[in-house]
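**Q** give me the fold of what follows.
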Amino acid sequence: MDLLAMLSELNFLETKKIYNRPSIVDFFHNRSRCGIYLLHFSDGTYYIGQAIDIPRRYTQHRKKHNDITHISFKNVKNDDLNSYEAEAIRKFESKFQLRNISLASAPAMDADLDELLHPDRQSEWLEEKIPSVIFKKRIVDKTLRSKYSLRFCDLKRNSFFIEQILPVLKKYVSICIPEPYLTEISFWGSSCLPAHESTTTIEIYSRINMYWQEVFTVGQMLEQKLPLFSWHLSKKIIASHLGENFKSTFKTYKTIEFDDHYYESGGFDQFAVYIYDTDEAMLLLDNNSIIEAIKNFNLRCMRKGAHIHAPYHCMDLADLILP
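**A** Sure, this is the predicted structure:
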């Protein structure tokens, strides 16, 4: 699909050339300024956003970007801005490269992660069947370590966690996090007995978090006395290997469940997988398609920005799960 066809499908029927213009207020004289807009950049990337006052929003963008060439706009009522913006991002990113971070799956951007881990090493890690660990020096943060030491002692005394959960958690970290020693705290973290909504039916032992969201959660279903494992991963990667009906591929798993749940911070290209059996969880982490989908999704999250939940990272737990 070419750009004009996509703009037509999304009802962006008006595009203006605005390169080097300090203002676009004359385009919106005596007309509605509320709607969804698409910025075109000189490098062939785009940005989709919403604005109540588009001339003012454009002025804000221009302070950060000096390579805006065109703007496409459509009027949308204030109450409908969120839904229209989400729909436009979902459709547009399937064919074109967006600079959006929130809602977008793989934004076009330089990443802070590149300063720590060279892009060539990131690419190598994605291709490795058994990821190597080159950097093994850890950050020393005594204050952060002491913060959750008592909570960790409670977790370490839990035999269910040690026997049923810990092996899967260790396997996940060794395979699915790029250079986990180097990127610890700044780009990923492991919480210890985090607070959650339901405490009567589920106990959450830990969440692996990246950027603004969880990517792997482990716990116990208390009434059934079953382990709980929950992953977020790329649906597009799975579908590219196994087809759109990929769920049938996993019919031999007795406890597996799928959910289209996603976090806006990680973009639309994600879904959740649940398993309630330790052996099946370990088996899932041997599946090449699953691993590729997890690794790609995790790296995308890390490239979006810093680990926002870094203050909740449990360094004692990381002692156990780092390879």
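
**Q** mind listing the helices for the protein?
**A** Using DSSP state H, the helices of the chain run over residues 3-9, 54-64, 81-92, 113-116, 119-127, 142-147, 149-156, 159-160, 166-176, 180-183, 235-242, 278-284, 288-304, 315-321.

**Q** tally up the residues packed near residue 38, please.
**A** Residues near residue 38, counting by other Cβ atoms under 10 Å, number 23. Every C-beta, even on glycine, is put in place using the N, C-alpha and C of the backbone.

**Q** cool, and the one 10 residues further on?
**A** Per other Cβ under 10 Å, the neighbour tally for residue 48 reads 27.

**Q** one more: the one 10 residues further on?
**A** By other Cβ under 10 Å, the residues close to residue 58 number 24.

**Q** look up how far residue 255 lies from the closest residue to it other than its chain neighbours.
**A** In space, and not counting its chain neighbours, residue 58 is closest to residue 24: 5.1 Å by Cβ to Cβ, 6 or more residues apart in numbering. Taking Cβ to Cβ, to the nearest Å as the measure, residue 24 falls 55 Å from residue 255.

**Q** show me where the stretch 1-150 of the chain dips below the pLDDT cut-off.
**A** 1, 108 (pLDDT under 70).

**Q** ok, now which ones touch the closest residue to residue 200 other than its chain neighbours?
**A** In this structure, residue 200 finds its nearest non-sequential neighbour in residue 222, 7.2 Å apart by Cβ to Cβ, 6+ apart. Residue 222 makes contacts with 200-203, as judged by Cβ atoms under 8 Å, 6 or more residues apart in numbering.

**Q** what about those, which are in strands?
**A** In this view, the contacts of residue 222 that belong to strands under DSSP state E are 202-203.

**Q** ok, now which ones touch residue 189?
**A** 208-209, 307, 309-310, 312-314.

**Q** of these, closest to residue 16?
**A** residue 307 (39.4 Å; Cβ to Cβ).

**Q** surely that closest one touches residue 207?
**A** No - the pair residue 307 and residue 207 fails to qualify as a contact (Cβ atoms under 8 Å) at a distance of 11.7 Å.

**Q** what's the local residue count around the nearest residue to residue 231 once chain neighbours are set aside?
**A** Of all residues beyond its chain neighbours, the one nearest residue 231 is residue 273 (4.8 Å), with distances taken as Cβ to Cβ, 6+ apart. Neighbours of residue 273 under the rule other Cβ under 10 Å: 22.

**Q** okay, and the beta partners of residue 273?
**A** residue 231, residue 258 (DSSP bridges).

**Q** now residue 208
**A** residue 190, residue 216.

**Q** measure how buried it is and give me the count.
**A** Neighbour number of residue 208 under other Cβ under 10 Å is 22.

**Q** quick one on the thing from earlier: identify the contacts common to residue 307 and residue 207.
**A** Counting by Cβ under 8 Å, 6+ apart, residue 307 and residue 207 have no contacts in common.

**Q** what about the residue nearest to residue 200, distance to residue 205?
**A** Residue 222 is 12 Å from residue 205, by Cβ to Cβ.
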